[in-house]
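Peer 1: using only what follows, build the 3D model:
(2 chains)
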Amino acid sequence: MARYRLGIDVGGTFTDIVALNEENGEILNIKISSTPEDPAKAVVEAFHEFLMERGGWEVSRVIHATTVATNALLGQLGLELPRTALIATRGFRDVLEIGRQRRHKLYDLFIQRPRPLIPRNLRFEVDERIGPRGEIIEPLNEDQVKRLGEKLKKENIKSVAVALLFSYINQKHERRIEKILKKLLPRIYISISSDIAPEYREYERTSTAVVNAILMPIVSSYLIKLQRRMRGLGVRAPLCVMQSDGGIALKDVVSKRPISMVESGPAAGVIASAFYGSFLGLGRILSFDMGGTTAKAGAVIEGKPEIVSEYEVAGEVHSGRIVKGSGYPVRYPFIDLAECSAGGGTIAWVDEGKALQVGPISAGATPGPACYGKGGRHPTVTDANLVLGRLNPNYLLGGEMKIYPELSEKAILNEICQKIRLELTEAANGIIKITNSAMSKILRIVSVERGHDPRDFVLICFGGAGPMHGCALAEELNIKKIIVPPNPGLFSAHGLLMTDFKTTLIRAVMKLMDEINVEKIEDVFQKLEFKCARILEKQNISKNDMYFIREMDLRYFGQSYELTVPASKPFTEDNVNQTVESFHEKHMKIYGYAVREEPVELVNVRINGIGFVEKPRFIEKHVNEEKPSSDAIVEKRKVFFEKIDDYIETPVYKREKLKPGNLIEGPAVIEQYDTTTVVYPGWMATVDKFENLVISMKGGAY
Amino acid sequence: MEIDPITVEVIKGALIYAAEEMGIVLRNSAYSPNIKERMDFSCTIFDERRRLAAQAEHIPVHLGSMQLAVQKGLERFKGELEDGDMIILNDPYISGTHLPDITLICPIFYKDEIIAYSANKAHHSDVGGKAPGSMAGDATEIYQEGIIIPPVKFIKNNVIDDEIASIIMSNIRTPEIRMGDLRAQMAANIIGKRRVLEIIEKYGLEIFRKAVEEIMKYSERRMKMEIGKMPVGSWEAEDYLENTGVVDERVKIKVKLTIKKDHLIIDYYGTDKQVNGPVNAVLGVTLSGVYYVLRSMTDPNIPMNDGCYRPVRVIVPEGTVMNPIPPAPVAGGNVETSQRNVDVLLRAFAQVLPDRVCAACQGTMNNVAVGGINPENGRPWTFYETIAGGYGGRKGMDGVDAIHSHMTNTMNTPIEAIEAIYPIRFLKYELREDSGGPGKWRGGVGLERSWMLLSPSATLSILAERTIIPPWGLFNGKPGATGEYYIIKQNGEKIKLSSKCTVKIEKGDIFVVRTPGGGGYGDPLERSPELVHRDVLNGLVSIEAAEKEYGVVVNPEKIEIDWKSTLQLRLKKVQV
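Peer 2: So this is what the prediction gives:
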């Protein structure tokens, strides 16, 4: 009987299932259309299809990536927000609405703040006050809390967020409120800020607790429903969810802390890149994922994705970065990603000033690019690629979908060439150049802007459209090596199969490093570690598979943003100087200077508890001769390359027919089911023993 | 040589990104919070003829001043600049804002010839002068506001000139931090230079020059098209500053807006003479207000460069409060007069494009500075902040509650961060009931922020506006509430403070700020009773005000609309 580990990635257009046969390492894939109105439906359908096809199976674990949390906050129909209340310190219920007092667009006189997630009449205050050293200035008025409980009952509140000033230092009042309310309202969901985000900055902590409170009922009912339906198909395996920090956790853990999964999907792609990179022995990787509507970039250094500590859910993206103040801040570790509106379906247009623009509007799945023949009249990036000969002119998806190149030409001629004087080819190439320039920017954001030189990185391209643009991006950033994995369209879903369990716990300290009591700090570390271990144990992880990473967030006293450095175990007097020194060094590296005479403040200590998951073994294939077999070339067609400034006869290979060891000189096109890879002139591709395409610059360093 | 539109587009993107990347480098390597978090700086690329080629979206008040700094600041260096030089200056009468804004300009050489400049300006938290923070509310001459740096070669052959540095550093309060921030500014210019040279190496100098020309023409074309959609004619508007900080008299700002087929003329004739308080706004600040309003009234996505300026003529008589001559003090012109300037301009545009403007926003930045000696460690402390208020109502949309508007957009400091360091304890930070100007579309409410002093004594300074003349409404919308500042002594005595003052406070005193609300838009009697009811439920409009201002009767027990009485009351009010 085969044992499978299943990864399910629900995207806007497709739901992907990948199954790892844990006995022989074989990976199987299924792709079906998503059902946004009821995401679980597509998941169950895909399951059904997968399981019915083969007898004698057993599922060991299901790992799920979903956008249900973000969609709910974006106001998607069918995902109405539950009635939620906030309890704050007397005088401060409006912190949630005032936020950081900034507007997210400078020149828009019709600016609007994102709607506060809890209206003012459901934001309540209680008499209590804790001071900056955790001292109780005014005790909690418990009678008020009890009366408030009655009121919440009457108001039919489903979920409550509690966020009091300075609760990150002293939890007492928040805990007490939680206890009183639980007794009065046993069925209500409660999220207290000192549990969810025990860090200073009242607005961000309140916002995190509120987002968590709102998502709790939505996420738990979604996951319960999904698990019930899975059981109906006979799958009794535990259900795990991908978290934004690049680790997985069991359904029950995530249900209590749903903020951990708001960026579940995009994280999987970077994790897959990280795993591939480590496996292939690559130190620095840029992960590049281009799908139908967006392109996403992330950086991985020595096997570790870059992590940021805050994210704005449902925020707007402007030139790659999330616009501060446009969404709802959540303090939780997130894999650092930059994003832009550049996908196969992104529309090209001419603006009033006669400049060619690409995006941000996308043709989506319907009508889709003009060449789909579903009524789309606007030219898209896919149409431009088609006109330039990079895509198969007859069909896509391995023959499942017929396409019409003449419609692409017509769309570009009508919408672009008639408005600005350009030939068809010039216009198509222009669309590609502008798209590439936007995408090279997001790669710069995650590398250059973080103090890394992109030339030191290897580019991993995936997503349906990524491998078509890899060479151009590499040329733009002087990257010398590109990797296209065997199934680029399902690469993100593969990431789900390779992810470890992860639980992160944090505690605010706010003391100068010169003045800390090291025994106390060690004690905090041990307590957090113990708590972490318990959470991992509950997820059936054995002690042998657990390990813990200690970290400290430090800053120069007076600064407002911290840098994270590793801390030793145990943490003793001897380690203080070395930790401070590693902070100075990191500051130097990222910001270009260090001030060794300045006092350094310890803001937070953190434990990352990891539960190791057995990784799939890649099957090493026999290496063949360099020359691909004669049936690997399916045709020759004219493909446009800018360097040559013309169309040239280019061989088109079928990826399935290529064998490890084969070597292909650019220019070349390599087609497979849902992806086309374009090898530019001056580059060459080899198939490695794991069936990756490794594309390097001819005469390059590699 | 012809240049294709695609190359222009790609070079345009690369230039804007170069300016943005300068900003990232500056922010990451700067030391002071003003630059790091509040992002009070601007980064730009200029072409060889010193015309703005690209500007990153940083802060509106620098919009018009960078070109003055680069054009006027380099006048005396004709032919004297060499590769590796950078020019420093902060003279507001040249570089166009106020002394704390220090500008650094870097010529970019390619084959022995200047082909572009990278330049940036950043707000330093102290440049000397009579008050810490260099923002004295009662200065009568610019010499009291800090050190004046004329354009000089601060960096020669990539090395900072120690002699000039030592003169500057001897005149300011926190020299180490200043040097750190200046180094960050230098690093930003170097990145700008490197990126421009990369573009030239890739495309060649000729293509680069042509592309820059086209980029400017593109913005000019778009700007002209936007102006072409506006009605042609002339409109006037005026508004007042409530006092000068030194003398208790109003200061008038007047503007005449003329819209022609493809250009605009903005004339400040009729504006009051310059004053001997710090509310004079130098030309650069005045121009920034004009460009801010223009960007808001057109498509803000039009890339900011010299082309945007071309269809606009601005006439500002010399010696007025909007274009003073030395040695008038100017520190507050940048923060307070700049806001009033926008009010006047929007008031003029409101007559032409009523659907595109907002009623007056709070019209001040509410600058509050407090400091003293910390009894715990004997060290001096100062805390400075600007506080949000109401945004004006717009057609179809209420004004935003408690947010920064127009020429500023800086973040607040978390209360948990302030209390951890400074001897003050916050008591309240909340929306201010009934402060939004009544209107069919209500003005945003201001906020109330109050704290208690915990140390024995401290000095409190306020630089603000709109405590006497309220933010105006539009089209029968009512004005927003005026701002209020007061101290409550421990015995309960309430002392009202003026909008520009410096006072001593003592332990246990409670300082209360109530910021202005935005003006309303349209007749409040036309506001839907459901919206009034929602505001009552949310505690933003009182039951009394609902009745008095909106003619909506709300039952005080059930908090429900009394429809019958509402109808009667509204009828009666309409007849009156």
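Peer 1: from here on, contacts and neighbour counts on C-alpha atoms
Peer 2: Will do.
Peer 1: where does pLDDT dip in the chain?
Peer 2: Assuming you mean chain A. Residue ranges of chain A with pLDDT under 70: A:12, A:55-56, A:77-78, A:592, A:699-702.
Peer 1: nope, chain B please
Peer 2: Looking at chain B by pLDDT under 70, you get B:1, B:33, B:37-38.
Peer 1: how does it divide into domains?
Peer 2: Following automatic domain parsing, one finds the domains of chain B at B:5-219, B:358-527, B:528-575.
Peer 1: would you indicate which residues of stretch B:74-81 are buried?
Peer 2: Under the neighbour-count criterion of 16 or more other C-alpha atoms under 10 Å in any protein chain shown, stretch B:74-81 has B:74, B:81 buried.
Peer 1: got the contact list for residue 474?
Peer 2: Just so you know, I chose chain A. A:459, A:480-482 (C-alpha atoms under 8 Å, 6 or more residues apart in numbering or on different chains).
Peer 1: meant chain B, my bad for not saying
Peer 2: B:358-359, B:519-522.
Peer 1: repeat that for B:K260.
Peer 2: Taking C-alpha under 8 Å, 6+ apart, one finds B:228, B:232-233 in contact with B:K260.
Peer 1: can you say which of those residues are buried?
Peer 2: B:228, B:232.
Peer 1: and which of the contacts of B:K260 is nearest chain A?
Peer 2: B:G228 (12.5 Å; C-alpha to the nearest C-alpha).
Peer 1: close enough to count as contact, the closest one and B:T298?
Peer 2: No. The criterion here is C-alpha atoms under 8 Å, and B:G228 misses it with B:T298 at 10.7 Å.
Peer 1: need the contact partners of stretch B:29-42.
Peer 2: Against stretch B:29-42 from outside (C-alpha under 8 Å, 6+ apart): A:559-560, A:591-593, B:23, B:26-28, B:55-59, B:62, B:120-125, B:177, B:180-185, B:410-411.
Peer 1: okay, how far is it across that stretch, tip to tip?
Peer 2: 15 Å (C-alpha to C-alpha, to the nearest Å).
Peer 1: how many other residues sit next to A:M290?
Peer 2: 27 (other C-alpha atoms under 10 Å in any protein chain shown).
Peer 1: show me the contacts for it.
Peer 2: A:296, A:342-344, A:461-466.
Peer 1: mind putting those into CSV with secondary structure?
Peer 2: Listed next are the contacts of A:M290 as CSV, based on DSSP: H, G, I helix; E, B strand; the rest coil:
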residue, secondary structure
A:K296, strand
A:A342, coil
A:G343, coil
A:G344, coil
A:C461, strand
A:F462, strand
A:G463, coil
A:G464, coil
A:A465, coil
A:G466, helix
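Peer 1: out of the residues you listed, flag the one nearest to B:L453.
Peer 2: Of all these, B:L453 sits closest to A:K296, with 49.0 Å by C-alpha to C-alpha.
Peer 1: name the SS class of the nearest residue to the closest one once chain neighbours are set aside, please.
Peer 2: Closest residue to A:K296 apart from its sequence neighbours, by C-alpha to C-alpha, 6 or more residues apart in numbering or on different chains: A:E339 at 4.5 Å. Using three-state DSSP, the structure places A:E339 in strand.
Peer 1: got a list of what A:E339 touches?
Peer 2: A:294-297, A:317, A:319-321, A:442.
Peer 1: what is the burial count for whatever residue of the stretch 451-576 of chain B ends up closest to chain A?
Peer 2: Of all residues in the stretch 451-576 of chain B, the one sitting closest to chain A is B:N538 (4.9 Å; C-alpha to the nearest C-alpha). B:N538 has 16 neighbours, counted by other C-alpha under 10 Å.
Peer 1: in this structure it contacts A:N121, no?
Peer 2: Yes. Between B:N538 and A:N121 a contact is recorded at 4.9 Å, counting by C-alpha under 8 Å.
Peer 1: what residue is smack in the middle of chain B?
Peer 2: Computing the C-alpha centroid of chain B and ranking residues by C-alpha atoms, centre = their mean puts B:M407 first, at 2.4 Å.
Peer 1: close to chain B: what parts of the stretch 401-550 of chain A are there?
Peer 2: When proximity is defined by C-alpha under 8 Å from any C-alpha of the partner chain, the stretch 401-550 of chain A lies next to chain B at A:430, A:433-434, A:437, A:441, A:449.
Peer 1: at 10 Å instead, please
Peer 2: A:420-422, A:426-427, A:429-438, A:441, A:444-445, A:448-451, A:510 (C-alpha under 10 Å from any C-alpha of the partner chain).
Peer 1: apart from its neighbours in sequence, what residue is nearest the residue of the stretch 601-702 of chain A found nearest chain B?
Peer 2: Going by C-alpha to the nearest C-alpha, chain B is nearest to A:V603 of the stretch 601-702 of chain A, at 11.3 Å. Distances taken as C-alpha to C-alpha, 6+ apart place A:M510 nearest to A:V603, at 4.4 Å, with adjacent residues excluded.
Peer 1: what are the phi and psi angles of that neighbour?
Peer 2: phi 60, psi 60 (degrees, to the nearest 10).
Peer 1: what number of residues lie near it?
Peer 2: 21.
Peer 1: ok, the one 10 residues further on next?
Peer 2: Counted with other C-alpha under 10 Å, the neighbours of A:K520 add up to 11.
Peer 1: mind listing what it touches?
Peer 2: Neighbouring residues of A:K520 by C-alpha atoms under 10 Å, 6 or more residues apart in numbering or on different chains: A:526, A:571.
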